[in-house]
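Engineer: Sequence and computational prediction follow.
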Amino acid sequence: MGFGSLSVKGRALRYLAQREHSRAELARKLARTVEDTDDSSAATQIETALDQLAAAGLLSDARTAESVLSSQGKRFGSRRLKQVLEGKGLAPELVQHTFKKRAAPNSPGRGTSGSAASACPPQTPRNAPSRCASWPGAALTAT
């Protein structure tokens, strides 16, 4: 390993710095670049690095599922999201649990804070002040 090359753990950290990855997805990406050595096989090196990252709390399948749902949840339907999550190598039980958690009425990020701003979103900018006077920007609009 020369000065310019990264260790297996270093490569994994570089991928994780860009976005959350599932364990299976990260193993698949690392398998393309890691080669067998005299000491151990590529699979052993990858599993060791992933175990270390998971023990340090840097690799989490549950966090990956939450990240995908929060970033793509408004764009895609539930079938498409399940397909994306399963394509990342996440367990079907984890996918189901994440969807149930997301569908809970008091789950964070679902607009249940009770504030007037989230309770009265405007349908069109023209009728926003008349429909909900407490909506931010309602006082700025002249009719």
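Structural biologist: Nice, I can see it.

Engineer: which stretches of this protein form strands?
Structural biologist: Counting by DSSP state E, the chain has no strands to list.

Engineer: which stretches of this structure have low pLDDT?
Structural biologist: Low-confidence segments of the chain (pLDDT under 70): 1-4, 105-143.

Engineer: Pull up the gap between the nearest residue to residue 69 once chain neighbours are set aside and residue 11, please.
Structural biologist: Closest residue to residue 69 apart from its sequence neighbours, by C-beta to C-beta, 6 or more residues apart in numbering: residue 102 at 5.7 Å. C-beta here means a position set from N, CA and C on the backbone, and glycine is covered the same way. Distance from residue 102 to residue 11, counting by C-beta to C-beta, to the nearest Å: 31 Å.

Engineer: go on, residue 94?
Structural biologist: Distance, residue 94 to residue 11, by C-beta to C-beta: 25 Å.
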